[in-house]
Structure formats: structure tokens, C-alpha cells
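[1] Here's a sequence, model it:
(one chain, ligands or ions: 1)
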Amino acid sequence: MKNIIFIAPPAAGKGTQSEWLKDKFNYEHISTGDLLRQAIAEGSELGKQVEDVIAGGNLVSDDIMIALLKDTLTKLPTDKPFILDGFPRTIKQAEALNELLNEINVTDLVAIYLNIDEEEAMRRALGRVSCPNCKKGYNIYYEAMKPKVEDICDECGSKLDRRSDDNEESFKHRFETYIENSTPVINFYQEKNLLKEVKVDRESIEIFEDIVKLLSEE
Ligand SMILES: [Zn+2]
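    The predicted structure is shown next:
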């Protein structure tokens with residue numbers, strides 16, 4: 001299978017798709033957040049650098065991220081495809097990653113852009129509610145995902161939590177920042193003929209089927 005770079009705005013459903021790809025095709029899911037936590041936990045030389053940077057309240061530099069990725073990717077069995085999640089977010093990172101992948105001879109690559117419009121992303125993110133008791137999730141902005149009785153869990157009758165971390169303002173900011181940074185990244189992969197766009201205003205399973213289809217395209 002092709003190695004995947006996910007370009008996914010907040011609430012585009014990348015988590016679900018990554019899980020399914022992992023389960024069905026044995027993908028290694030490489031999330032930059034996990035990589036950083038892992039490096040710190042292992043106490044490697046890089047991990048110590050990461051710890052210092054984060055303790056100082058700073059962002060981990062692209063150079064450190066690339067070094068971590070190099071370490072991780074070169075240790076992967078050659079027959080195990082990977083999903084890169086959370087990187088690259090900027091054009092500088094995309095260029096650095098490209099250099100790294102050339103250096104370690106990773107060629108079979110596709111950049112999948114999960115295209116979601118802002119309004120849909122907001123409904124997904126802000127409509128999320130869940131049951132504190134049985135953990136069932138709902139979304140108040142979708143007929144099919146609403147609880148039958150407002151604020152009450154269908155399964156166990158508990159009062160639902162409005163669990164979104166975002167309010168409208170902060171979500172909008174996060175979404176728009178993501179789009180602003182990733183537009184040049186999208187163009188970068190487009191120019192290299194590696195970009196595949198998937199519209200995500202549909203059921204997750206339909207999106208997954210599309211992704212699977214494009215992974216087997218030449
Ligand atoms: Zn419940």
C-alpha cells in the first residue's frame with residue numbers, strides 16, 4: 001500500500017479513517033504528537049531536547065521533528081506502510097519532509113486532502129455531545145445523530161455532557177489557521193502530482209471506500 005500524508009482540517013474525520021486503515025491494511029499511524037511524547041518518555045538525546053523546548057514553552061522546531069521522523073521511519077519494517085498525521089503543516093515542513101523521504105528512499109507516497117468546508121466542520125465539532133455514563137456520542141446538529149430526547153442519553157437515560165473543547169470563535173480560528181497554512185502544502189503536493197482530494201461531507205464508510213480506491217490507483 002502507498003504511504004499516506006493526511007492533510008486534514010479540524011473535524012474532517014481523520015482519526016476514524018486512520019483507525020480503519022490501520023486495522024485493515026496494517027498501516028503504522030505516525031502522529032507527531034505521539035512521537036514527541038514517546039521521545040520524551042524514552043529519554044533519548046532527541047527526547048531530552050524536546051523536553052527542554054516544551055518546558056521552555058516553545059514549539060518544537062522543524063529540524064527536531066524531521067530528526068524524530070527520520071529515526072522513526074528508518075526503523076519501520078520496509079513492508080509496513082505509514083500514515084503521517086499532523087505533519088507537514090507548513091510549506092517549510094513539506095519541503096523538509098520531501099528531502100527526508102528522498103534521502104531514505106521512500107517513494108510510494110500519496111497526500112490525501114480531506115476537504116471539508118468550514119460550516120460543516122463547525123457543525124461537527126460544536127454539535128458534539130456525549131453521555132458521561134455509557135460514553136455514547138451524539139451530535140445535536142444532525143438529525144440522525146441527535147438523542148431522541150434533548151440532552152438525555154438514548155441508551156441509559158443520563159443527562160448528556162456538552163463536551164466540545166471549542167467555542168465558535170476558537171474553532172473558527174483554529175480552522176482558518178489550518179487552511180491558511182495548508183493551502184501552500186496542498187499546492188506543493190499538487191505540483192508533484194501526489195495530491196488526492198476526498199470530499200468528506202458524507203458517511204465515514206463512503207469516505208473510507210474512496211480512500212481505499214485511490215490507494216490502489218497507479
Ligand atoms: Zn448513556
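
[2] where does the chain have low pLDDT?
    Counting by pLDDT under 70, the ranges of the chain that qualify are 163-165, 218.

[3] all strands of it, in order?
    Ranges of strands in the chain, per DSSP state E, are 3-7, 28-31, 82-85, 109-115, 128-130, 137-139, 161-162, 195-199.

[4] Quick check: which of the ones you listed is nearest to V53?
    Closest to V53 of these is strand 28-31 (CB to CB; 18.0 Å). In this view, the C-beta of every residue, glycine as well, is placed from N, C-alpha and C.

[5] pull the CA atoms of that closest one into CSV?
    Only the C-alpha atoms of strand 28-31 are listed here, as CSV (Å, rounded to 0.1, in the frame of the first residue of the first chain):
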residue,chain,number,x,y,z
GLU,A,28,1.7,2.3,11.0
HIS,A,29,0.0,5.5,12.3
ILE,A,30,2.6,8.1,13.0
SER,A,31,1.3,11.1,14.8
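
[6] from the strands of the chain, which stretch is densest packed?
    Of the strands of the chain, the one with the most neighbours on average (mean count of other CB atoms under 10 Å) is strand 3-7, at a mean of 23.

[7] thinking again about what came up before, dump the strands of the chain into a markdown table; add distance to E155 as well.
    Shown next, in a markdown table, are those (distance: least, CB to CB, whole Å):
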| stretch | distance to E155 |
| --- | --- |
| strand 3-7 | 32 |
| strand 28-31 | 29 |
| strand 82-85 | 31 |
| strand 109-115 | 30 |
| strand 128-130 | 11 |
| strand 137-139 | 10 |
| strand 161-162 | 14 |
| strand 195-199 | 32 |
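
[8] Figure out which of those is closest to the ion.
    Taking CB to the ion, strand 128-130 is the member of those nearest to the ion, at 8.5 Å.

[9] Let me have the strands of the chain in JSON lines, adding distance to the ion as columns.
    Output for the strands of the chain, formatted as JSON lines (distance: least, CB to the ion, whole Å):
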{"stretch": "strand 3-7", "distance to the ion": "31"}
{"stretch": "strand 28-31", "distance to the ion": "29"}
{"stretch": "strand 82-85", "distance to the ion": "30"}
{"stretch": "strand 109-115", "distance to the ion": "29"}
{"stretch": "strand 128-130", "distance to the ion": "8"}
{"stretch": "strand 137-139", "distance to the ion": "10"}
{"stretch": "strand 161-162", "distance to the ion": "10"}
{"stretch": "strand 195-199", "distance to the ion": "32"}
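
[10] shouldn't I91 be in contact with E191?
    No. Under the criterion of CB atoms under 8 Å, I91 is not in contact with E191, lying 11.4 Å apart.

[11] Of these two, which one has the most company?
    With neighbours defined as other CB atoms under 10 Å, I91 and E191 compare such that I91 has more, 16 against 9.

[12] wait, what's in contact with the nearest residue to F87 once chain neighbours are set aside?
    Excluding its sequence neighbours, the residue lying closest to F87 (CB to CB, 6 or more residues apart in numbering) is T32, at 4.6 Å. For T32, the contacting residues are M65, L68, L69, D85, G86, F87, by CB atoms under 8 Å, 6 or more residues apart in numbering.
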